[in-house]
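In: My questions are about this predicted structure, shown below with the sequence.
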Amino acid sequence: MDYVPRAITPRIEDAHKHYPVITITGPRQAGKSTLCRHLFPDYKYVNLERIATRSLAANDPQGFLESLGSYVIIDEVQHVPELMSEIQVMVDENRDRRYILTGSSNFSLLNVVTQSLAGRSALFTLLPFSFDEIRPEIVNKSIEENAFQGFYPGVLVNGIPPKDFYDNYYNTYVERDLRDLLRVSNLLKFDMFVRMLALRVGSEFNASALSREVGVSAVTISEWLSILVTSYIVFELPPYFVNPNKSLTKNKKIYFHDTGLLCSLLGIESPSDINNTILWGAIFENMAVSSLIKKNLNAGKRSNLYFYRENRGIEVDVIEQNNRDSIHLYEIKAGKTLQIDYSVNMKKLATQLDGSVESSVIYNGESMPPLAINVRDI
């Protein structure tokens, strides 16, 4: 397959006119390097994953940058945070300079960008493909096939079998990235934690319960979760609070950024196996929520998604708060038939909310916006 245009491209191109630095974060192998090199083919490209290049940059940041010229793409820049201060000096001295920076560690990169490049860098997050970006590839495939193969370019563009790709992706992550992010003394227990988290996808996160099952402290469980979030393996969906008199959950829900990796961690070996697992509803929900996340990020927005659950009462899968006066409620169902009771909780919650409230069911049936949306049309 030829280069696949990314939905986030217009936002990056527009920001490039106004900011001397563009910073793109996202998981490994999501296509950051390919996107940057396609958009800026004349820029000098360096990758700090290469030990020799990293050594040169760390030993002499100023000389390293001067040797590259005025138009540069630097991949995995979080490996040499000292470069940020030098880039700040470079662009302050000459606003015509342009740097495109990428990184796969959210915390590491955002921390140094916030400190050194505030006001000089536009920040974007690139996740694996959205449905819209790869529509020709998925139009004749079942939703179960879409979930199983996931959305990484390695599977959809390079044709790597999903099992091979995600097994290697996860093993490489454990062996390489964990060493950089935090010393994890017991990788077997960490692996158990990740797989147990997969079994609880779409559920509220309870560090104490997981600590008892894994055999480590609740503090360790929380630290491990932060690692998974930082390295774009999972993301958190916070609860929405609307009425202080209601007894509402305070725990976050956990989802995986990609259903292909999720299926791999669950031991699912083919699309047909998905229909035989009791977790199909949760996998489908994960696909829908991650699609909503991609829609926002590709539009250059930060996440504005929540869920709602009263301890005894109404539950709504997703609340999208576009601004104070505009809210969209979503109920997510894996079936192909629209049931009248799918909207009951959304209607109840809508009466408690101020401003404009829309409601939609995300499912696997015919799109009838705004009432119902096929998951592929998010």
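Out: In hand now; what should we look at?
In: Okay, now the unreliable bits of the stretch 51-200 of the chain?
Out: Within the stretch 51-200 of the chain, the ranges that satisfy pLDDT under 70 run 106-110, 114, 178-185.
In: Okay, helices next: where are they in it?
Out: Read by DSSP state H, counting those that start in this stretch, the stretch 51-200 of the chain holds these helices, from start to end of the chain: 51-59, 61-68, 82-93, 106-116, 135-138, 143-149, 153-156, 162-172, 178-181, 187-199.
In: Name the next helix or strand following the last one along the chain.
Out: This means helix 187-199. Using DSSP states H and E, the next helix or strand after helix 187-199 towards the C-terminus is helix 207-214.
In: Tell me which residues are up against that next one.
Out: Counting contacts by Cβ atoms under 8 Å, 6 or more residues apart in numbering, the residues outside helix 207-214 that touch it are Lys189, Met192, Phe193, Met196, Leu197, Ser217, Ala218, Val219, Thr220, Ile221, Ser222, Leu225. (C-beta placed from N, C-alpha, C; glycine too.)
In: Same list, those, but as TSV with neighbour count please.
Out: As requested, those are arranged in TSV below (neighbours: other Cβ atoms under 10 Å):
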residue	neighbour count
Lys189	16
Met192	16
Phe193	23
Met196	15
Leu197	23
Ser217	12
Ala218	14
Val219	10
Thr220	20
Ile221	24
Ser222	14
Leu225	21
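In: can you tell me which helix in the chain is longest?
Out: Of all segments of type helix in the chain, defined using DSSP state H, the longest is helix 280-298.
In: Redo the contacts of helix 207-214 as a markdown table? Include distance to Asn296.
Out: As requested, the contacts of helix 207-214 are arranged in a markdown table below (distance: Cβ to Cβ, whole Å):
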| residue | distance to Asn296 |
| --- | --- |
| Lys189 | 34 |
| Met192 | 32 |
| Phe193 | 28 |
| Met196 | 28 |
| Leu197 | 23 |
| Ser217 | 34 |
| Ala218 | 31 |
| Val219 | 31 |
| Thr220 | 31 |
| Ile221 | 28 |
| Ser222 | 26 |
| Leu225 | 22 |
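In: Hmm, Arg28 and Tyr173 touching each other?
Out: Yes - applying Cβ atoms under 8 Å, one finds Tyr173 in contact with Arg28, separated by 7.3 Å.
In: returning to that earlier point: quick check, nearest of the contacts of helix 207-214 to Trp280?
Out: Sorting the contacts of helix 207-214 by how near they are to Trp280, with Cβ to Cβ, puts Leu197 at the top with 17.7 Å.
In: Excluding chain neighbours, what is closest to the closest one?
Out: Setting aside the residues directly before and after it, Leu197 is nearest to Ile254 in space (Cβ to Cβ, 6 or more residues apart in numbering), at 6.1 Å.
In: and the one you found, how many neighbours?
Out: Burial measure for Ile254: 21 neighbouring residues, criterion other Cβ atoms under 10 Å.
In: can you give me how far the helix or strand hosting Ile24 is from the chain middle?
Out: Of the helices and strands defined by DSSP H and E, Ile24 is found in strand 21-25. Relative to the centre of its chain, strand 21-25 is centred 16 Å away, using Cα atoms, centre = their mean, to the nearest Å.
In: Tell me which strands it pairs with, and in which orientation.
Out: For strand 21-25, the paired strands and their directions (DSSP bridges) are strand 98-103 (parallel), strand 121-125 (parallel).
In: deepest of these, which one?
Out: Each of the strands paired with strand 21-25 was assessed for mean neighbour count using mean count of other Cβ atoms under 10 Å. The highest is strand 98-103, with a mean of 24.
In: sorry, back to before: and the residue nearest to Leu197, its phi and psi?
Out: Per-residue torsions, Ile254: phi -120, psi 130 (degrees, to the nearest 10).
In: Would you agree it is in contact with Ile233?
Out: No - using Cβ under 8 Å, Ile254 is not in contact with Ile233; the gap is 10.2 Å.
In: Quick one: mean pLDDT for the strand holding Ile24?
Out: With pLDDT averaged residue by residue, strand 21-25 scores 94.
In: Which secondary structure elements does the next helix-or-strand element following it sit against?
Out: Sequence-wise, the next helix or strand beyond strand 21-25 is helix 32-39, with elements assigned using DSSP H and E. Using 3 or more Cβ pairs under 8 Å, 6 or more residues apart in numbering; DSSP states H and E as the contact definition, the elements that helix 32-39 packs against are helix 9-18, strand 21-25, strand 44-47, strand 71-75, strand 98-103.
In: mind putting these in TSV, distance to Val242 included?
Out: Conversion of the helices and strands packed on helix 32-39 to TSV gives the following (distance: least, Cβ to Cβ, whole Å):
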stretch	distance to Val242
helix 9-18	31
strand 21-25	31
strand 44-47	47
strand 71-75	43
strand 98-103	36
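In: Let me know which of those is the nearest to Ser290.
Out: Between Ser290 and the helices and strands packed on helix 32-39, the shortest gap by Cβ to Cβ is with strand 21-25, which sits at 16.1 Å.
In: Tell me how far the most centrally placed residue in the chain lies from Ala282.
Out: Central residue check for the chain by Cα atoms, centre = their mean: the C-alpha nearest the mean position is that of His257, 4.6 Å away. Computed as Cβ to Cβ, to the nearest Å, the His257 to Ala282 distance reads 15 Å.
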